[in-house]
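> Fold the following.
(one chain, ligands or ions: 1)
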Amino acid sequence: MEIVVPDEFQYLYVQDQERPVVKIPHPILRQSCTEVARVTPKIEKLIDTMMKAMKKANGVGLAAPQMGSGLRLFVMQPLEMKPMAVINPVITEKHGEQVGEEGCLSIPGLYGDVQRALKVVVEGFDRKGRGIALELEGLPARVAQHEIDHLDGVLFIDKVDLATLHWVHPGGDPDDEEN
Ligand code: ZN
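Purely as a prediction, here's the structure:
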């Protein structure tokens, strides 16, 4: 699907120091990422950069291609959870379903409902290269599924319920619930 960014949202699509996240239609957002062979200082630096960018943008998750890197890793910080990085993530279990609103820092201003698994188990490696298995449910499970999709070049607009797709100004629209 081709997203046409309305004029009043165009300023959000500029990529600069203030807004370092890669935006559509940058081709890296549509590429499949490659596995991280080893956690090097360069990878740790990328994770730090991604953590900073996620916090600055008030995001709950960010995948490496959104920082212009073609590596399989993402960071997340949903709600009360501690911020964490997952390297070479794989979903090994999926249970149930949930429907909820999603947005994406690479498609700022656009939101819509996406159906996801309610619970997932994500296996991978932490920033120290130690194996991890995360049991996630609800929002954290949604965030992980959204971010892992990014690593395969898949965006939420590919899965969104089109009838619910809508634009919201960052300042907030009184008619829209903040999510
Ligand atoms: Zn996203």
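
> Helices along the protein, start to end?
41-56, 139-150 (DSSP state H).

> Check those for me and report the most buried one.
helix 139-150 (a mean of 23; mean count of other CB atoms under 10 Å). In this view, the C-beta of every residue, glycine as well, is placed from N, C-alpha and C.

> Check the offset of that helix from the chain's centre.
Distance of helix 139-150 from its chain centroid, counting by CA atoms, centre = their mean, to the nearest Å, is 6 Å.

> what's the answer for stretch 56-65, then?
6 Å.

> Quote the end-to-end distance of it.
Length of stretch 56-65, first residue to last, CA to CA, to the nearest Å: 17 Å.

> Can you check which of the helices of the chain gets nearest to Ile28?
helix 139-150 (10.0 Å; CB to CB).

> Strands of this structure, residue ranges please.
61-63, 73-76, 84-95, 98-102, 110-116, 119-125, 131-137, 166-167 (DSSP state E).

> Hmm, Leu73 is touching Pro89, no?
Yes: between Leu73 and Pro89 there is a contact at 7.5 Å, judged by CB atoms under 8 Å.

> Looking only at neighbour counts, state which of these two leads.
Leu73 (28 against 23; other CB atoms under 10 Å).

> so who does the more buried one touch?
Contacts for Leu73 (CB atoms under 8 Å, 6 or more residues apart in numbering) come out as Val36, Ile43, Leu46, Ile47, Ala63, Ala64, Ala85, Val86, Ile87, Asn88, Pro89, Leu151.

> For the third one, report the pLDDT, please.
In this case it means Leu46. We have a pLDDT of 97 for Leu46.

> That one and Val60: what is the separation?
When distance is defined by CB to CB, to the nearest Å, Leu46 is 19 Å away from Val60.
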